[in-house]
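Asker: Here is my input; please provide its structure:
(one chain, ligands or ions: 2)
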Amino acid sequence: MSDIKFKEPPVELEQSQPVLIHEKSLSQKIAHGSAAGDILDQQMNMLGIQLVTQLNVLIKTSRIYERTNTALDKPVDAMLTLIKTMAHDQPVILRLQNDFLFLGDSHLKVTAQQMAVATSIIDALNAWMIGGITFSLTVESKDLREFAALFAGLDRNNKTVEDLRKEIILRGIAGITLEEQRQLHVQEETGTAGNERFGAGGDKGPDDTENGALKVLRKMRAKTGYAKVAGSVGTLTQSARGGGTVSFKQAKRAIQNIIDLIVEDEATVLGLTTLRCHDQYTHNHSVNVSLLSITLANHIGFSKVELADLGLAALFHDMGKSDIPMEVLNKPCEFTDEDWVAMRQHPTTGILNLSKMRGIMNIPGRMAAASFEHHMNLDFSGYPKLTVPWTLSLTGRILTITDCYDAMTSSRVYRREPMSPAKVLNMMLSKSGKTFDAVLLKMFVNCVGIIPIGSLVMLETSELAVVLKPSADKANAERPFVRVITDPQGNQVDHGREVDLTEKDETGDFRHNIIRLIDNTEYKFDTSRYFI
Ligand SMILES: [Fe+2]
Ligand SMILES: [Fe+2]
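Answerer: Numbers count the residues shown, from 1 in each chain. Ligands and ions are numbered 1, 2, ... in the order given. Here you go, the predicted structure:
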């Protein structure tokens, strides 16, 4: 028996029947237009989560029962259906990259409720240092059963992923292959593999390897920090929804951790905010708003203590939404007038909900302001409407900017379609001095860049690149730091080179130029994987 820990009680084995409500051929749904693409994205995500769930059930069941036992029928059949539904021209690949699950190249968006199952699979894959499992269309029931038995039965303390691979061949398991973990590979070879991971373009100095290793470490710390904050918001939101009491201690600790990272290397942390979630009421939005607010306040010059206060306040700015039914929050269509009445109350309800929480004797001013003022707007054109004169706090003005930016760039927070970061920034700049505080907005643009982090651009070589961080040179703000992600023909490249667009050649001309901004939302391109 392996010592991989699964978080849910064994009773779970009985449930998790997949709900296959979609059509057999999903690819037929990608007709034209973004609505069809949206449906496909959502359904693929949903199917991906189901695959993870069933795989989890299968492995757990295999620890108890023999491979031929009927207890394995349900998860095996469900997995086969899922694989056959998803795999068309190519196999289904479940990947793990820095503790985030991917279905092929798309980040699997996990809700707070699905977190336990996802974590269980992440832990299991991590224990074996598996970076990905490929299921091909030809996979059969016996293959899945044998694979699960192998996975559950082999002692990982004495065996490596290579042994697992050999066993797969020896036992004649067809249609399932394993990928190694890239990240851990780099970690083991710290000092020699930095270049491989971060691209070996000629854009670096002599101390490349050391920088590369340092970057990997920072990224891992940032990612862990993000996951911790997200976890604590998930728990708090759930218990607020369930009417229970919650403690802020965990969130406080997580925020303090992340502040150290932001002060040290804000681009890495900001990159994580590009992990967008399709589910409207997931905690990513709150975490992103918190990270963006801390970064902006750090530019303003807040002390670490003030940053922590603000970060925590931002984390719980939408606490009032826990009173709104999930059906309303997750509505795929426009809100009704009634829904809007409920929505408009969430800034006020938020304060009431916060006051009920354990660990809060009196609600700190910043927390109350964050909840109460974040939809008011600088010119009070938003809500709630007040009949008494009011002065917006700095926290409120910061939150108005960061909340709007994240809500608009993510999908489905008040609107169905996400917008590209650059479009959102343009829209926000058009409301500078009206909805948003002009000075703060300018500083915010400095944080995320004129061409914001996560944007997709085409270089004059016809290669596509993703913006990793704003330009260090304010005079050339339109020349960010990017990573090349495709060749000139548009084929995706792994570990593409990083390019500083402010770099000049011997004649004093810029070495690389952007020829156009690509709308990543229009192309359904998920750039988040390049940040983790
Ligand atoms: Fe809100
Ligand atoms: Fe919000």
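
Asker: what's the residue in the stretch 201-350 of the chain positioned nearest to ligand 2 sitting at in phi/psi?
Answerer: Nearest residue of the stretch 201-350 of the chain to ligand 2 (CB to the ion) works out as Asp318 at 4.4 Å. C-betas here are computed from N, CA, C, even on glycine. Phi and psi for Asp318, reported as degrees, to the nearest 10, are phi -100, psi 20.

Asker: same check, this time on Glu180
Answerer: Torsion angles, degrees, to the nearest 10, at Glu180: phi -80, psi 160.

Asker: I'd guessed it sits against Trp128; true?
Answerer: No. Taking contacts as CB atoms under 8 Å, Glu180 lies outside contact range of Trp128: 9.7 Å.

Asker: Please identify every residue contacting each of the two.
Answerer: Counting by CB atoms under 8 Å, 6 or more residues apart in numbering, the residues touching both Glu180 and Trp128 are Val161.

Asker: Where does pLDDT dip in the stretch 251-400 of the chain?
Answerer: Residues of the stretch 251-400 of the chain meeting the criterion pLDDT under 70: 275-283, 332, 358-362.

Asker: got the residues of it near ligand 2?
Answerer: By the rule CB under 5 Å from the ion, the part of the stretch 251-400 of the chain lying against ligand 2 is Asp318.

Asker: before we move on, back to that, in contact with the residue of the stretch 201-350 of the chain closest to ligand 2, which residues?
Answerer: Per CB under 8 Å, 6+ apart, neighbours of Asp318: 285-286, 346, 350, 371.

Asker: try it again with 7 Å
Answerer: Taking CB atoms under 7 Å, 6 or more residues apart in numbering, we find Asp318 in contact with 286, 346, 350.

Asker: any idea how far the second one is from Asn284?
Answerer: With the distance defined as CB to CB, to the nearest Å, His346 ends up 18 Å from Asn284.

Asker: Can you give me the neighbour number for the nearest residue to Lys321 once chain neighbours are set aside?
Answerer: Distance criterion CB to CB, 6 or more residues apart in numbering; nearest residue to Lys321, sequence neighbours excluded, is His346 at 5.0 Å. Neighbourhood size, His346 [other CB atoms under 10 Å]: 23.

Asker: How about Pro325?
Answerer: Quick note: Pro325 (other CB under 10 Å) scores 11 neighbours.

Asker: residues contacting it?
Answerer: Neighbours of Pro325 in contact, by CB under 7 Å, 6+ apart: none.

Asker: Am I right that Ile49 is in contact with Gln114?
Answerer: Yes. Counting by CB atoms under 7 Å, Ile49 does reach Gln114; the two are 5.7 Å apart.

Asker: State the helix or strand in which Leu296 lies.
Answerer: Here Leu296, judged by DSSP states H and E, is contained in helix 284-300.

Asker: how about that helix: buried residues?
Answerer: 284-298 (16 or more other CB atoms under 10 Å).

Asker: The helix or strand where Val76 lies packs against which elements?
Answerer: For Val76, the host element (DSSP H and E) is helix 73-86. Packed against helix 73-86 by the contact rule (3 or more CB pairs under 7 Å, 6 or more residues apart in numbering; DSSP states H and E) you find helix 33-64, helix 141-153.

Asker: one more time with 10 Å, if that's ok
Answerer: The helices and strands touching helix 73-86, judged by 3 or more CB pairs under 10 Å, 6 or more residues apart in numbering; DSSP states H and E, are helix 33-64, strand 92-97, strand 130-135, helix 141-153.

Asker: I'd assumed Gln250 was in contact with Leu312.
Answerer: No. Between Leu312 and Gln250 there is no contact under CB atoms under 10 Å: 11.2 Å.

Asker: In terms of neighbours, single out the busier of those two.
Answerer: Applying other CB under 10 Å to Leu312 and Gln250 shows that Leu312 carries more neighbours, namely 22 against 17.

Asker: can you pull the contacts of that one?
Answerer: 229, 248, 251-252, 254-256, 290, 294, 364, 366-367, 370 (CB atoms under 10 Å, 6 or more residues apart in numbering).

Asker: Any of these buried? List them.
Answerer: 229, 248, 251-252, 254-256, 290, 294, 366-367, 370.

Asker: Tell me which entries of the residues you listed lie within helices.
Answerer: Cross-referencing the buried ones among the contacts of Leu312 against helices under DSSP state H gives 229, 251-252, 254-256, 290, 294, 366-367, 370.

Asker: Understood, closing this out.
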